[in-house]
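Novice: Below are the sequence and a predicted model; questions follow.
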Amino acid sequence: FRASSGGHLGRGRMHIVTSGCFGLLVLATRSAALDICRTISPSQSRCSHGARPTVSAISRRQFALSVAAAAGGVASPLPASAGGIFDLRTSLSALQKQEQTVEDLFSRSTPSVVYISTFIEKTDRLTMNAVEVPAGTGSGFIWDDQGHIVTNFHVIRGANQAKVGVIGPNGDTKLFAATLVGYNPDKDVAVLKINSNGTKLLPLARGSSADLRVGSTALAIGNPFGLDHSLTVGVVSGLGREVTSPSGRPISNVIQTDAAINPGNSGGALLDSNGRLIGMNTAIYSPSGASAGIGFAIPVDTLKQQVPAILKYGKVLRPAIGISLIGPAQARTLGVGRGVLVLGVPVNSRAAAAGLRPTVRRADGSISLGDVIIAIDETAVDTEADLYRALDKYQPGQTVSLTVVRFVRADDDYNSRGRGRGDEVQEYHQTEAKLRIQLQAIVAA
């Protein structure tokens, strides 16, 4: 081995160590570099050009752990065998086997991932006839052998027509007209249906997102920029993330991955190392619009709840309190900085029966604030997003306990805090109340 800085290992510096003609680069401290040198025999650090060399390689995870341990001041050098911590003697056949595994996984999964083209109708200015114009492209995957295709709602939003490209047994792509079964914009999920006309459909095997761990292998298959059936490989780089759906509601427990996801990947499959579906690629975080190494996928456990409901009802029913809310900016101007301020409560509704009070304008022109929801059961509610997250835990028809704050004026024990003429704040005091309410069902739209 030789060091890059003047041919010796100086003290207190970072060094790049290279191995012969293989060019293995190692960033390490002096002690770390010395320990690395001890793990390689002289025969492995040299290469004769006439003989077939032995390839030395190491997984990034093992390498990082070993260098970090050495740089952190590990007193004793690594053993010559380097056991399961630091093995630079991975054979070429082992690397080829790993590569073959990824190739086989892609070959098996590709027929299950589809190419989606959407079209909108426009009027031809010359003939005044309605014509179909391409609107965009995206990805999807086969859910079952009955022709159901799962994709993102934003892929097909606003389209009048969609066509699905499926790879056949002989490798050619067949296009099928698709019909919309249903969708849920709150979770950015849509289901299409195609008539395969005898073409065998291969659904993806579904895994579980509940037991995912950061660092697990993740493979994304989709059609970025219209380039059909492209594969990118990375890891699960984060769990429990949150993105905003097309309807503005939060989507929770989203998977973060560094597998490259670009425009056109939306609706495609995110797979684990066994080729099982663990998520649906949905969004990226990028200042440029292209992949910046931070992509997001809706977890498969969420799809397992959403897709069957769409197949059964053509829609998804979500739980709701049945009230209208005041936006956060306006609530702050009214003096409410925490919780969700109730604007309207329909007459004869479950919310009215439970005792929820709306915000109203009094006869003298002042505003009497309604109840401010600060908790649902034991879950604190500080913002609208908190309210939606809390409601997602329940089903329509279930009964929950609402904790509300009421601003009661000294001269009116029914109406809440008010602003009189000239925006003068009236005297008031706060009280808390707990209300029991049965959640109603509304269609996600």
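Specialist: Arrived safely, thanks for sending. It should be emphasised that the depicted structure is a prediction, and the values quoted were computed from it without experimental measurement.

Novice: Residue 175: what's it in contact with?
Specialist: 163, 164, 165 (Cβ atoms under 8 Å, 6 or more residues apart in numbering). From N, CA and C alone the C-beta is placed, and that goes for glycine too.

Novice: Now do the contacts for residue 124.
Specialist: Residue 124 makes contacts with 130, 131, as judged by Cβ under 8 Å, 6+ apart.

Novice: for residue 390, that is, sorry about that
Specialist: With contact taken as Cβ under 8 Å, 6+ apart, residue 390 is in contact with 376, 377, 379, 381.

Novice: What helix or strand is it located in?
Specialist: Residue 390 is part of helix 384-391, with elements assigned from DSSP states H and E.

Novice: for the record, mean pLDDT for the helix or strand just after that helix?
Specialist: As assigned by DSSP H and E, the chain's next helix or strand after helix 384-391 is strand 399-409. For strand 399-409, the mean pLDDT works out to 88.

Novice: Return the set of buried residues in strand 399-409.
Specialist: 400, 402, 403, 404, 405, 406, 407, 408, 409 (16 or more other Cβ atoms under 10 Å).

Novice: Please name the residues that touch residue 228.
Specialist: 115, 165, 173.

Novice: Count the neighbours of residue 120 for me.
Specialist: Other residues within reach of residue 120, judged by other Cβ atoms under 10 Å, total 14.

Novice: Please apply the same query to residue 376.
Specialist: As a measure of burial, residue 376 has 22 neighbours, counting by other Cβ under 10 Å.

Novice: Please, where are all the helices along the protein?
Specialist: Using DSSP state H, the helices assigned to the chain run over residues 30-38, 42-45, 60-71, 92-109, 153-156, 300-313, 328-333, 350-354, 384-391.

Novice: Let's test this: mean pLDDT of the second one, rounded?
Specialist: Confidence over helix 42-45 (mean pLDDT, whole number) is 42.

Novice: Equivalent analysis for the first one, please.
Specialist: For helix 30-38, the mean per-residue pLDDT is 43.

Novice: before we move on, what about the third one?
Specialist: In this model, helix 60-71 has a mean pLDDT of 48.

Novice: Tell me how far residue 206 lies from residue 359.
Specialist: In this view, residue 206 and residue 359 are 46 Å apart by Cβ to Cβ, to the nearest Å.

Novice: Which one of these two is surrounded by more residues?
Specialist: residue 359 (25 against 14).

Novice: which residues touch the more buried one?
Specialist: Residues in contact with residue 359 (Cβ under 8 Å, 6+ apart) are 326, 341, 342, 343, 344, 367, 368, 369, 370, 416.

Novice: Where does the prediction get shaky in the stretch 1-150 of the chain?
Specialist: 1-90 (pLDDT under 70).

Novice: try it again with 90
Specialist: 1-102, 120-136 (pLDDT under 90).

Novice: Which ones among the contacts of residue 228 lie within strands?
Specialist: 115, 165, 173 (DSSP state E).

Novice: Double-check the second one against residue 173; I have them as touching.
Specialist: Yes. Using Cβ atoms under 8 Å, residue 165 and residue 173 qualify as a contacting pair, with a distance of 4.7 Å.

Novice: Overlap in contacts, these two.
Specialist: For the pair residue 165 and residue 173, residues contacting each of them under the criterion Cβ under 8 Å, 6+ apart are 115, 228.

Novice: Which residue of the two possesses the greater neighbour count?
Specialist: In terms of neighbours (other Cβ under 10 Å), residue 165 is the more surrounded of residue 165 and residue 173; the figures are 17 against 12.

Novice: For stretch 333-352, which residues meet the burial criterion?
Specialist: Within stretch 333-352, judged by 16+ other Cβ under 10 Å, the buried ones are 334, 336, 339-345, 349-352.

Novice: Okay, and which of those residues map to strands?
Specialist: 340, 341, 342, 343, 344.

Novice: who does the second one bridge with?
Specialist: Beta-bridge partners recorded for residue 341 (DSSP bridges): residue 372.

Novice: give the contact list for it.
Specialist: The contact partners of residue 341, taken as Cβ under 8 Å, 6+ apart, are 325, 326, 331, 334, 359, 369, 370, 371, 372.

Novice: Need those residues in a markdown table (columns: distance to residue 195 and pLDDT).
Specialist: Below are the contacts of residue 341 laid out as a markdown table (distance: Cβ to Cβ, whole Å; pLDDT from 0 to 100):
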| residue | distance to residue 195 | pLDDT |
| --- | --- | --- |
| 325 | 43 | 93 |
| 326 | 48 | 92 |
| 331 | 50 | 90 |
| 334 | 55 | 87 |
| 359 | 52 | 91 |
| 369 | 56 | 89 |
| 370 | 52 | 91 |
| 371 | 52 | 93 |
| 372 | 52 | 95 |
